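> need the 3D shape of this:
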Amino acid sequence: MSIITSFRAGLAFFTRIPVGSAPLPSTLSGVVAWLPAVGLLVGALAALALLLAARLGLPAALCGIGAALVWTVITGGLHLDGVADCGDGLLVETSPERRLTIMKDSRLGSFGALALFFVLSTKVAALAALAALAGMAPLHALGACCLAGLLGRCQVFVGMRLPSARPGGLGSMMHDGMKPRYAHTALGICLAACLVMGRHGLYSLLAAGLVAFWLLSAARKRIGGVTGDVFGALIETTECAVLAVCCLP
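Below you'll find the model as predicted:
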């Protein structure tokens, strides 16, 4: 695949940005490499919505809700579905096989609803706090959103160090499309972005590490590895953690 074609395929697969149809290889080869770029783009678009709402003089809470809505529309709620499925599957006490079955079920359970509530409310609250600071530090709000989108999606490369828990699923396809140089490039971009954000970049890196350790440890213990839902939950929870720590003084 050419660079332009693989980038279009990455946008078409990981977002709902209208880029036209693009061929998607069965192994996602070349598409996974664009996760950092996709994360930066998603965060930048959400930040622009946040700054525009703040510029119009809307209350911080409405700015946060609007930016979170734009964030969700851009991704099509793809990763939020992983949050709900992981909430339902990873938090119940049953066998790994039963957990995987629950995670594949499209119905929403009480644990999944709670997980969605806390993830979305945290994102809205953090975005609202950034909106309140936008008048004095618009670049900080922009950087926080971009860093959240970037680190969230680069966590997928961390998750790929675990085996796939469901052969033939999305997690398995991501593994098949993975190459070491993609992870090395993503690491370099993340470190550079964290340096630009100063101490908040350090806070974000630590928060992302804690999220990855907690969620991936639970996935390894409870289902034996990762799935597409685990990747989605990892992205969303990392975004929330990064946005939250970027609100610190």
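> please enumerate the helices of this protein.
For the chain, the helices defined by DSSP state H occupy 3-14, 35-55, 60-75, 78-90, 96-104, 110-134, 138-159, 170-176, 180-196, 199-223, 228-245.
> as a markdown table, those with mean pLDDT and mean neighbour count would be great.
All C-beta spots, glycine's among them, are computed from the backbone N, C-alpha and C. Listed next are those as a markdown table, based on pLDDT from 0 to 100; neighbours: other C-beta atoms under 10 Å:
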| stretch | mean pLDDT | mean neighbour count |
| --- | --- | --- |
| helix 3-14 | 82 | 18 |
| helix 35-55 | 96 | 22 |
| helix 60-75 | 96 | 21 |
| helix 78-90 | 94 | 24 |
| helix 96-104 | 92 | 17 |
| helix 110-134 | 95 | 20 |
| helix 138-159 | 95 | 25 |
| helix 170-176 | 70 | 21 |
| helix 180-196 | 93 | 16 |
| helix 199-223 | 96 | 18 |
| helix 228-245 | 96 | 27 |
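> render the CA-only coordinates of stretch 158-166 in CSV, please.
Extracted in CSV, the C-alpha atoms of stretch 158-166 (Å, rounded to 0.1, in the frame of the first residue of the first chain):
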residue,chain,number,x,y,z
VAL,A,158,2.0,-1.5,24.6
GLY,A,159,-1.0,-3.8,24.6
MET,A,160,0.4,-5.8,21.7
ARG,A,161,3.1,-7.1,23.9
LEU,A,162,0.4,-9.4,25.3
PRO,A,163,-1.0,-12.4,23.3
SER,A,164,-4.4,-12.1,21.6
ALA,A,165,-7.1,-13.6,23.7
ARG,A,166,-9.5,-14.2,20.7
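> tell me which residues in it are buried?
Within stretch 158-166, the residues that count as buried by 16 or more other C-beta atoms under 10 Å are 158-160, 162, 164-166.
> distance from the centroid: which residue in the chain tops it?
residue 57 (28.6 Å; C-alpha atoms, centre = their mean).
> related to what we said a few turns ago, turn the helices of the chain into CSV, including distance to residue 20.
Below are these laid out as CSV (distance: least, C-beta to C-beta, whole Å):
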stretch, distance to residue 20
helix 3-14, 7
helix 35-55, 16
helix 60-75, 17
helix 78-90, 19
helix 96-104, 30
helix 110-134, 29
helix 138-159, 22
helix 170-176, 22
helix 180-196, 24
helix 199-223, 33
helix 228-245, 24
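> quick one: residue 13 from residue 219, how far?
From residue 13 over to residue 219 the distance is 22 Å, taken as C-beta to C-beta, to the nearest Å.
> ditto for residue 16
Taking C-beta to C-beta, one finds residue 16 at 26 Å from residue 219.
> same check, this time on residue 239
Distance from residue 239 to residue 219, by C-beta to C-beta: 18 Å.
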